[in-house]
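In: Show me the folded form of this:
(one chain, ligands or ions: 1)
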Amino acid sequence: MQKIEITGLNHEGAGVGRLPDGMVAFVPGALPGERVKIELSARKKHYALARLLEIEKASPDRVLPPCPEAGSCGGCQLQHLDYRAQLLWKRRLVVEALRRLGGLRDVSVLPVLGMVNPWGYRNKVRLHVADNSLGFYRPGSHEVVPFFHCRLVPSEFMEVVRELARLLPVLGRGPEHVILRRGWATGEMLLALEARTGWTEGEVLAGKLSRRFPELVGVVALPSGEGYCETILLGRNYLEERLDGLRFHISATTFFQVNSAQAQVLYELAAAMAGLQGGEKVLDAYCGSGAIAMWLSRRASMVIGVEVVEGAVQDARRNAVLNKVDNLRFHVGAAERLLPHLAAEGYRPEVVVLDPPRAGCDRRVIDAVAVMQPRRIVYVSCNPATLARDLALLQKRGYTPGPVQPVDMFPHTYHIECVCRLDRM
Ligand SMILES: C[S@@+](CC[C@H](N)C(=O)[O-])C[C@H]1O[C@@H](n2cnc3c(N)ncnc32)[C@H](O)[C@@H]1O
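Out: I've put the predicted structure just below:
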């Protein structure tokens, strides 16, 4: 056991301090300004990992987490930090990434757009099932922490989860995972049971649940480890979500932003930054199930979406039909393969939207966009480190980044989403 002073938070929300020998130690659950007793759990070459044993001097920003499992289930990293302080820390995280990793000293970072009520926001969870218990894995283990108190999901989820936990013991070797989704605007719920083939009690389970939960519009079985081939056990294989007058049919595995309320904020910002007048060609790279493309199609002449997951593009096409949008086209394939082709064929959109996964954009995507010469790029990012790298690369290719607007899509976790507009110099 040793005592250390915590001086900062790392990018995953763990407290950072120095051991007496000068080595940096990461302490999940500790906050800057605190003096804590710790126990080392691992010593690596350049840093150590430690467990928090006791807080001798607490930060004024420390709050009592409402969830008794906070810190142990792996879902939240920051419930013990006051929400306003979380937003300040997330802004600093973005500032530091831009300066340190992108060398972007002149790019300003606006205050984070947080949530008025930062609880109950998740519209999707995927839970592990083991020993008739449902939950997330305890970090670094395969031990399931029961999911009975989660404050990040709506209370309706918890009722289904409690009923599932009650029913599983009588249903034999049941599913290995369950996915639960809920439409924020519609209240519709969809349940997917990921089970080995041969599990036959799915329909019984679906029937029992639907009698208790009329808002459960569908239950599907997904064979685990066998690719995408679902069976409908009850109702339909999608739920409906609505954002800003647009309808989205979302299946169990479709990518859709997990926080619908903040997705609306994010998409409105992206649309405002795109500044469309109505006649522009728009490219939406990494388009998922086409939400941004659909949003922008209302003020563009034609939008092309590019996405590597075929199922997501199928959903995107279905949603375009559902919304009677006919100025949208989707291409299935890796952006790094398709964008250079589009550029070589002479495709020249006025606006390009980039919304890559955490790894950021492949260099070939950046180069292809530079060839297309759009007058504007809207970059949506879920990782400040790759945002910093890619903004710097785009700047070298003649695009000036405007202010970065962070949006808190995941309160109480270390995640932060950002939107930034770049204009051709
Ligand atoms: C952050 S999501 C953005 C989704 C969408 N813009 C939205 O808001 O719903 C990133 C998307 O990029 C897709 N993706 C990942 N790697 C890709 C690649 N190399 N080429 C094209 N799409 C990719 C993922 O499947 C995912 O749908």
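
In: can we go C-alpha only for contacts and neighbour counts from here?
Out: Noted.

In: any idea what sits nearest T254, other than its immediate chain neighbours?
Out: Counting by CA to CA, 6 or more residues apart in numbering, A312 is the residue found nearest to T254 once chain neighbours are left out, at 5.7 Å.

In: Surely R389 touches R99?
Out: No - counting by CA atoms under 8 Å, R99 is not a contact partner of R389; they are 10.2 Å apart.

In: These two: who's more crowded?
Out: R389 (19 against 14; other CA atoms under 10 Å).

In: helices or strands up against the helix or strand containing the more buried one?
Out: Here R389, judged by DSSP states H and E, is contained in helix 384-396. Where contact means 3 or more CA pairs under 8 Å, 6 or more residues apart in numbering; DSSP states H and E, helix 384-396 is packed against helix 83-102, helix 363-372, strand 399-407.

In: hmm, 10 Å instead?
Out: Helices and strands in packing contact with helix 384-396 are listed as helix 83-102, helix 363-372, strand 376-381, strand 399-407, strand 417-424; criterion 3 or more CA pairs under 10 Å, 6 or more residues apart in numbering; DSSP states H and E.

In: Look at H128 and report its pLDDT.
Out: H128 is assigned a predicted lDDT (pLDDT) of 90.

In: again with L394
Out: 98.

In: now the one 4 residues further on
Out: The per-residue pLDDT reported for G398 equals 97.

In: And R166, by the same measure?
Out: For R166, pLDDT reads 89.

In: That one: which element?
Out: helix 155-167.

In: Return the distance of that helix from the chain's centre.
Out: 23 Å (CA atoms, centre = their mean, to the nearest Å).

In: ok, now stretch 238-251?
Out: On CA atoms, centre = their mean, the centre of stretch 238-251 falls 18 Å from that of its chain.

In: so for that stretch, what's the average pLDDT?
Out: Mean pLDDT, stretch 238-251: 95.

In: Over to that stretch now: how far is its first residue from its last?
Out: With CA to CA, to the nearest Å as the measure, the ends of stretch 238-251 fall 4 Å from one another.

In: go on, stretch 95-108?
Out: Using CA to CA, the two ends of stretch 95-108 sit 8 Å apart.

In: Report the rounded mean pLDDT for it.
Out: Per-residue scores along stretch 95-108 average to 96.

In: Highest mean neighbour count out of the helices and strands packed on helix 384-396?
Out: Most buried of these by mean neighbour count (mean count of other CA atoms under 10 Å) is strand 376-381; its value is a mean of 25.

In: So what are the sheet partners of it and their directions?
Out: strand 351-354 (parallel), strand 417-424 (antiparallel) (DSSP bridges).

In: out of the ones you listed, which comes closest to A30?
Out: Ranking those by proximity to A30 (CA to CA) places strand 417-424 first, at 23.5 Å.

In: List the strands paired with the top strand by length along the chain, with their directions.
Out: Across the chain, the longest stretch assigned as strand under DSSP state E is strand 47-57. Strand pairing for strand 47-57, using DSSP bridges, gives strand 24-27 (parallel), strand 35-43 (antiparallel).

In: what about the ones you listed, which gets the closest to the ligand?
Out: strand 24-27 (27.9 Å; CA to the nearest ligand atom).

In: Could you check the pLDDT of the nearest residue to V112 once chain neighbours are set aside?
Out: The shortest distance from V112 to any non-neighbouring residue, by CA to CA, 6+ apart, is to P406 (4.8 Å). At P406, the model reports a pLDDT of 98.

In: Quick check: bridge partners of P406?
Out: Using DSSP bridges, the bridge partners assigned to P406 are C418.

In: contacting residues for it?
Out: Residues near P406 by CA atoms under 10 Å, 6 or more residues apart in numbering: 87, 90-91, 94, 109-114, 266, 380-382, 384, 416-420.

In: Swap in 8 Å and give it another go.
Out: For P406, the contacting residues are R91, V94, V109, L110, P111, V112, L113, I416, E417, C418, V419, by CA atoms under 8 Å, 6 or more residues apart in numbering.

In: of those, list those near the ligand.
Out: By CA under 6 Å from any ligand atom, no member of the contacts of P406 lies near the ligand.

In: What residues does this structure have near the ligand?
Out: 255-257, 286-289, 291-292, 306-309, 334-335, 355-357.

In: at 5 Å instead, please
Out: Where the chain comes near the ligand, counting by CA under 5 Å from any ligand atom, the residues are F256, Y286, C287, G288, E307, V308, A334, A335, P356, P357.

In: mind giving me CSV with the residues you listed and columns for distance to V145, secondary structure and pLDDT?
Out: Formatted as CSV, the residues of the chain next to the ligand follow (distance: CA to CA, whole Å; DSSP: H, G, I helix; E, B strand; the rest coil; pLDDT from 0 to 100):
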residue, distance to V145, secondary structure, pLDDT
F256, 25, coil, 92
Y286, 34, coil, 97
C287, 34, coil, 96
G288, 31, coil, 93
E307, 34, strand, 97
V308, 33, coil, 96
A334, 36, coil, 98
A335, 38, helix, 98
P356, 31, coil, 98
P357, 28, coil, 96
